[in-house]
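Q: Mind looking at a prediction? Sequence and model below.
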Amino acid sequence: MANAASGMAVNNECKLKFLELKAKRNYRFIVFKIEDKTHQVVIEKLGKPTENYADFQKSLPANECRYAVYDLDFTTVENCQKSKIFFFAWCPDSSRVRSKMIYASSKETFKRELEGIQLELQATDFGEMSLDIVKSRAL
């Protein structure tokens, strides 16, 4: 389904892999990108369940926008094990203006395709998405 605002479509594989992350926990994270030629959101990287938050951050390009989901496992102050799925809108200051506009205009439509996202974080640099910040949002 194409996004009316930006003309973006979402590849069905994005929804299928997200469901696997959510229900089966086959992946720790998924990085998505918008392909310029096809005007479609596609999967760029699937993070193995053994990968950690640092691996996730390394998979985001320093100068290009991306969407991503991350399945965060954490322990509450009551010592309960929990998990929350974060949606990241990664938009570095150094990325192209056109790219920033396309990602911003397509974000809400893409997010709606991924049912089960619990928290969202927008970041323009890695400091804005440190593990401490992410954990504090989850608690």
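A: That came in fine, so what should we check first?

Q: Any figure for the gap between the residue nearest the centre of the chain and K135?
A: In the chain, the centroid-proximal residue (Cα atoms, centre = their mean) is A68; its distance is 1.4 Å. Distance check for A68 against K135: by Cβ to Cβ, to the nearest Å, it reads 17 Å. For glycine as for every other residue, the C-beta is placed from the backbone atoms N, C-alpha and C.

Q: picking up where we left off before, in contact with the residue nearest to the centre of the chain: list those residues for me.
A: Shown in contact with A68 (Cβ atoms under 8 Å, 6 or more residues apart in numbering): 29-32, 56, 59-60, 87-88, 90.

Q: Could you tell me the model confidence score at the nearest residue to V77 once chain neighbours are set aside?
A: Nearest non-adjacent residue to V77, counting by Cβ to Cβ, 6 or more residues apart in numbering: L139, 7.2 Å away. What the model reports for L139 is a pLDDT of 86.

Q: For burial, what's the neighbour tally of L139?
A: L139 has 10 neighbours, counted by other Cβ atoms under 10 Å.

Q: cool, and Q81?
A: For Q81, the count of nearby residues is 8 (other Cβ under 10 Å).

Q: Just confirm it contacts T75, I think it does.
A: Yes: using Cβ atoms under 8 Å, Q81 is in contact with T75, at 5.9 Å.

Q: element containing the residue nearest to the centre of the chain?
A: A68 belongs to strand 66-75 when assigned by DSSP states H and E.
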